[in-house]
Structure formats: structure tokens, C-alpha cells
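> sequence plus predicted model, see below.
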Amino acid sequence: MTSNHDRSRLTLVLRGLLAEPTDDADRPFCPGILTRVDSPAGGANDRMLSVDALGPELSEENVKSRLLTAIEAHVASHGCRPDIVRVEDGRAFRMERSRPNSTRPLAGRVALVTGAAGAIGYGICLELLAAGCHVAATDLAGERLDRFAADLRKNAPDRVLGVALDVTQADSVAQAFDDVAAVWGGVDLVVHNAGIALVAHLKELDLESFRRLERVNVEGTLLVLQEAQRVFLAQGIGGDIVIMSTKNVPCPGAGFGAYSATKAACHQLGRIASLEMAADGIRVNMVAPDAVFAEGAYKSGLWEEVGPGRMKARGLDEAGLHEYYRNRNLLKARVTGRHVARAVLFFATRQTPTTGATIPVDGGLPDATPR
């Protein structure tokens, strides 16, 4: 276990083994934040456990077995799991445990949000922070991500990470998860929000442009699902994935074929993942918003792409376009990023025993009702 990837697996395994079991069937474990600390002096006591023989020649399963044996012996002797674990190479890890409550139901949990630096991502990150979660906001590297993370830190200075992640690159996806594990020990919730749009009728749709959407919206979803499952399996305490779908899955639009088709594939991957991951305590659900233009100072990248054409076609300015979409839903509601975030929280807090489901956040669109 010598590479950065393998070192993150040690952290993931240890965090899972130190999680406290509960009597809640929906949330059977109470995880915490596992951080690297200077190796403390002294031997094992009721708070600290020293573990030897975790050399690089051992497989992940052997490491997990030895850690489990040592932790079980500690629990038998002291009646509790250790707060500090020291391994033979001088590394030591501290588990900071936080019990969730009615106002902070996600305390002690870690979320990774892809495509975070936009309207929906901003709403999601704010709601997760308010629920007590530690949040890794990921997006393409650059000033935009840096500003976004700095903005979020105003709300929770110690519970925000800005992490570069390109969902089209497997190495980038794996590195982002490893970076989060290196700081907080692991991940409990993945909100896959990354996606791009394109306006073009099929007769004029350039193949390479279609492939660009396919790489982000489909391949990116697959890579994120694969890495999330790897992390959750290493921890062994389940997990949650929420995929940002769209009303265009059941109700596609003319001139919006590339987006509608690739997001339909993204949605279908989520449904398949819900079938394949349930046995390991991993829930996969979808949220399908419509017409989210902005949240706070952050505008929607999708509407920056789509909006000008829609305004021109209808003879509307920006305010008029917003009003048009508000009036077309049954509730005449202005849908915000915070509304979308509350649907994410419903799944993340496991209010019901649900997987493979979709919550529409669109004010009511009869044409988009699943058939």
C-alpha cells in the first residue's frame, strides 16, 4: 500500500472500521471526520490504539483484517472504539465524532459535489453546510472554483474544500476522491451535478459537439459512479449518491437533442447503479430540476448556453424569460437552487427507505411526468 491511491484506501478502511454502529436501520453507522495528526507518544489506552505490521507488502484485505482484529480487541478491553490510531510507520489518525441531531442531521458526514461552481451547486453546498456536513466542492481547476470555495468558507471556514475535478478524466476523478480522503478520511455522499448543454437541431448537430456532451454527461457519470462505489466499498458503511437529472429525460425538447439524450443516459446509469449497489448499503437517487436560472450571485451554466436562443425565439429579455418559465409550471413557482438542494437533502438524510427514485423540482410539469 505505497501509492497515493493505496494510502487513501488505508484511510478509508480505517474510517469505516471506526464508525459507530447505530440501531437505525436506515442509517446503521455514525461516521466521523478522520484527520491525520502528529504521532502521539505512549502505548495503547482507552483513547489510543497502536497497530503494527501494516507494511506495503500486505494487500488491502489483509490490512483491513489486521485493523479490524486490533479494533475489536480494543473494544473488548475498553468498551469503546479508539479515537486515535497509530500505525507502525509513524502515522496517526484521530476520529472526531459528531452525533447528528434535528438541526444538523449530516454532522460528521462528508459530501463531494461535482460541477459545484454554479447556481444549483451553490444551493446544494449551502444546504449541506447548514445541515452540518463537510463539503468538498469540485469543479474544473481555475479561478472560478477558487472564488467559489472562498465564498462557501464564509459560511463554514473549517468544513469546505475546493477540489479540482474533471469528470471526463478517470485519473482526475480518482485524485479528487483521494484528496478529500486525505483531509477528512472519506466520503459519505456524492452529489453528481456536473453537466453541460448544447442548443442544436439534429440536422445541424456536429458529431464532435455531441461527443463533447457525451464525454461529460455520460462518461463523466460513469467515472464518478465507479469511483464513488470504490470509496464506499473500502469504507464498508454504505453511502449515498444523488445524480442531477432533468425534466428533459421524460420530456425532451426540440433543438435540445444532445443534452436530452446524454442526460437520459446519465439518468439510466443512476438507475442501474441503484440496482447494483443496494446490497452494499449504497443508495442512488435522482433529482430532476427545471428552469433554475440563478442562486445568489451564481448563474446557471446551462441557461447561459440556452438562454440567448430562447429569449430571441420568444422576443423576451432575461426577466421575461424567467417569468415565462415560472408561468408554465402548475404552481407558478420560481424554482431555485435551494429548492433543488432540499430534494438532495431528502435523499441524503434518508427520510424514507428509497433508492432508484427521482424527485422532480419543477413546479409541476404534466408533460414531464414519468410514463
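Here it is on my side, so go on.

> if I look at residue 274, how far off is residue 26?
Distance, residue 274 to residue 26, using CB to CB, to the nearest Å: 16 Å. C-beta coordinates here come from the backbone N, C-alpha and C atoms, glycine included.

> tell me which residues in the strand or helix carrying residue 65 are buried?
Assigning secondary structure by DSSP states H and E places residue 65 in helix 60-78. Going by neighbour count (16 or more other CB atoms under 10 Å), the buried part of helix 60-78 is 63-64, 67, 70-71, 74.

> then stretch 24-35?
27, 29-34.

> how about stretch 156-172?
Buried, per 16+ other CB under 10 Å, within stretch 156-172: 156, 159-163, 165-168, 172.

> returning to that earlier point: what mean pLDDT would you report for the helix holding residue 65?
Mean per-residue pLDDT for helix 60-78: 89.

> past it, which element shows up next along the chain?
Heading C-terminal from helix 60-78 (DSSP H and E), you reach strand 84-87.

> starting at the chain centroid, how far to that next one?
From the chain centre to the centre of strand 84-87 is a distance of 28 Å (CA atoms, centre = their mean, to the nearest Å).

> try stretch 306-322
That offset, for stretch 306-322, works out to 32 Å (CA atoms, centre = their mean).

> ends of it, what's the gap?
One end of stretch 306-322 sits 12 Å from the other (CA to CA, to the nearest Å).

> what's next to it, contact-wise?
For stretch 306-322, contacts defined as CB atoms under 8 Å, 6 or more residues apart in numbering pick out 197, 199, 255-256, 291, 293, 324, 334.

> could you redo the last one with a cut-off of 6 Å?
197, 199, 293 (CB atoms under 6 Å, 6 or more residues apart in numbering).

> look up how far residue 204 lies from the last one.
If I follow you right, that is residue 293. Distance from residue 293 to residue 204, by CB to CB: 26 Å.

> between these two, tell me which one has more neighbours.
Legend: neighbour count by other CB atoms under 10 Å for residue 293 and residue 204, higher for residue 293 (20 against 8).

> stretch 319-332 - what's its average pLDDT?
On average, stretch 319-332 scores 88.

> next: stretch 217-228.
On average, the pLDDT along stretch 217-228 is 98.

> those helices in the chain, which residues are they?
4-18, 60-78, 119-130, 143-153, 170-184, 207-213, 220-235, 257-277, 301-314, 318-328, 337-348 (DSSP state H).

> where among these is the average confidence lowest?
helix 301-314 (a mean of 71).

> which elements pack onto the helix holding residue 65?
Applying 3 or more CB pairs under 6 Å, 6 or more residues apart in numbering; DSSP states H and E, one finds that helix 60-78 contacts helix 4-18.

> can you list contacts of the helix it packs on?
Counting by CB under 6 Å, 6+ apart, residues outside helix 4-18 touching it are 1, 34, 60, 64, 67-68, 71, 81, 95, 178, 181, 185-186, 234-237.

> now do stretch 195-215
168, 216-217, 255, 257-259, 262, 302, 305-306, 309.

> domain parsing for this protein?
4-97, 110-368 (automatic domain parsing).

> in space, what's closest to residue 169 - neighbours in sequence excluded?
Leaving aside its chain neighbours, residue 169 sits nearest to residue 223 (7.8 Å; criterion: CB to CB, 6 or more residues apart in numbering).

> which one's the longest strand in the protein?
Longest strand in the chain, counting residues (DSSP state E): strand 282-289.

> so which bits of it are buried?
Buried, per 16+ other CB under 10 Å, within strand 282-289: 282-289.

> in JSON lines: those, plus pLDDT and distance to residue 49.
Converted to JSON lines, these look like this (pLDDT from 0 to 100; distance: CB to CB, whole Å):
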{"residue": "282", "pLDDT": "98", "distance to residue 49": "28"}
{"residue": "283", "pLDDT": "98", "distance to residue 49": "31"}
{"residue": "284", "pLDDT": "98", "distance to residue 49": "34"}
{"residue": "285", "pLDDT": "98", "distance to residue 49": "36"}
{"residue": "286", "pLDDT": "98", "distance to residue 49": "41"}
{"residue": "287", "pLDDT": "97", "distance to residue 49": "40"}
{"residue": "288", "pLDDT": "96", "distance to residue 49": "46"}
{"residue": "289", "pLDDT": "94", "distance to residue 49": "46"}
